[in-house]
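Q: Need coordinates for the below:
(chains A and B)
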Amino acid sequence: AQSVTQLGSHVSVSEGALVLLRCNYSSSVPPYLFWYVQYPNQGLQLLLKYTSAATLVKGINGFEAEFKKSETSFHLTKPSAHMSDAAEYFCAVTFGNEKLTFGTGTRLTIIP
Amino acid sequence: DTAVSQTPKYLVTQMGNDKSIKCEQNLGHDTMYWYKQDSKKFLKIMFSYNNKELIINETVPNRFSPKSPDKAHLNLHINSLELGDSAVYFCASSQWWDTPYEQYFGPGTRLTVT
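A: This is a model prediction of the structure:
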């Protein structure tokens, strides 16, 4: 069965510092991987997606993620955190025309 | 020009009542989903419809009944509401067999059962 694990339910970084949110997946076949962001009291917005075209994926708001098959990872990074990045981030996996399986989420707090 | 819309945004009701949540998408997609987000923010699929046919039905109580009158709409009816049904319900849509199977989400409906 497909699954994703997000390490760290809460991550705090200083404004301007590197953001690193971790996601590992479990799969026996090539997955499609996504990062979604949820701002307070809002729906989910797609940040970026991995579809096997390129291992380094760039998304919106300066975020990027790298697919590493050897490590079964798809960590999300941003070089310099901004106060507006404070939100809940979800990693998700699918293998096609079916459900998205979400990780448990990581709450990102930005320290001024 | 909202892509995926849900009504109502907030729903407060008492135990035992029956309520419905509506979802509409104007993206031309043929597949729609219902997800439940619990108080710990955990998101889990409930149902999925493709071209008005049910294709995913996770372990959800029979009190929950989805209905898809057409490809652009997927409604969720809940009978005999219980305290444990309190959650945020998200509707989503995608296009079947269209990589990368990206799903677009609505703004959510926060259901509170008292």
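Q: Can you name every helix or strand that the helix or strand of chain B with the lowest mean pLDDT contacts?
A: Averaged element by element with mean pLDDT, DSSP states H and E, chain B has its least confident helix or strand at strand B:53-57 (a mean of 85). In this structure, strand B:53-57 makes packing contacts with strand B:43-50, strand B:64-70, judged by 3 or more C-beta pairs under 8 Å, 6 or more residues apart in numbering or on different chains; DSSP states H and E. For the C-beta atoms, the positions are set from N, CA and C on the backbone; glycine is no exception.
Q: can you map out the strands along chain B?
A: Using DSSP state E, the strands found in chain B span residues B:4-7, B:10-13, B:19-25, B:31-37, B:43-50, B:53-57, B:64-70, B:73-78, B:87-94, B:104-105, B:109-113.
Q: burial count for A:Ser3?
A: 12 (other C-beta atoms under 10 Å in any protein chain shown).
Q: One more: the one 4 residues further on?
A: One way to gauge burial is a neighbour count; for A:Leu7, by other C-beta under 10 Å, it gives 14.
Q: Spatially nearest residue to it, not counting backbone neighbours?
A: In space, and not counting its chain neighbours, A:Leu7 is closest to A:Arg22: 4.2 Å by C-beta to C-beta, 6 or more residues apart in numbering or on different chains.
Q: Stretch B:103-110: which residues count as buried?
A: B:Gln103, B:Tyr104, B:Phe105, B:Gly106, B:Pro107, B:Gly108, B:Thr109, B:Arg110 (16 or more other C-beta atoms under 10 Å in any protein chain shown).
Q: Please name the bridge partners of the one residue sitting closest to the centre of chain B.
A: Centroid check for chain B by C-alpha atoms, centre = their mean gives B:Trp34 as the closest residue, at 3.0 Å. Note on B:Trp34: beta-bridge partners by DSSP bridges are B:Phe47, B:Cys91.
Q: is it true that it touches B:Val88?
A: No - here B:Trp34 does not reach B:Val88: they are 11.4 Å apart, not a contact under C-beta atoms under 8 Å.
Q: Walk me through which strands the helix or strand containing A:Cys23 pairs with, and which way each runs.
A: Using DSSP states H and E, the element containing A:Cys23 is strand A:19-26. Sheet pairing of strand A:19-26 (DSSP bridges) gives strand A:3-7 (antiparallel), strand A:73-78 (antiparallel).
Q: The first one: what's the following helix or strand?
A: Looking back up the chat, that one is strand A:3-7. Taking DSSP H and E, what comes next after strand A:3-7 is strand A:10-14.
Q: re earlier: now the strand holding A:Cys23: buried residues?
A: A:Val19, A:Leu21, A:Arg22, A:Cys23, A:Asn24, A:Tyr25.
Q: Let me have these in CSV, adding pLDDT as columns.
A: Output for the buried residues of strand A:19-26, formatted as CSV (pLDDT from 0 to 100):
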residue, pLDDT
A:Val19, 98
A:Leu21, 98
A:Arg22, 97
A:Cys23, 96
A:Asn24, 95
A:Tyr25, 92
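Q: Give me the spatial nearest neighbour of the spatially most central residue of chain A, chain neighbours excluded.
A: With distances taken as C-alpha atoms, centre = their mean, A:Trp35 lies nearest the centre of chain A, 3.7 Å away. In this structure, A:Trp35 finds its nearest non-sequential neighbour in A:Leu47, 4.3 Å apart by C-beta to C-beta, 6+ apart.
Q: Likewise for B:Tyr89?
A: Closest to B:Tyr89 by C-beta to C-beta, 6+ apart is B:Thr109, at 4.9 Å.
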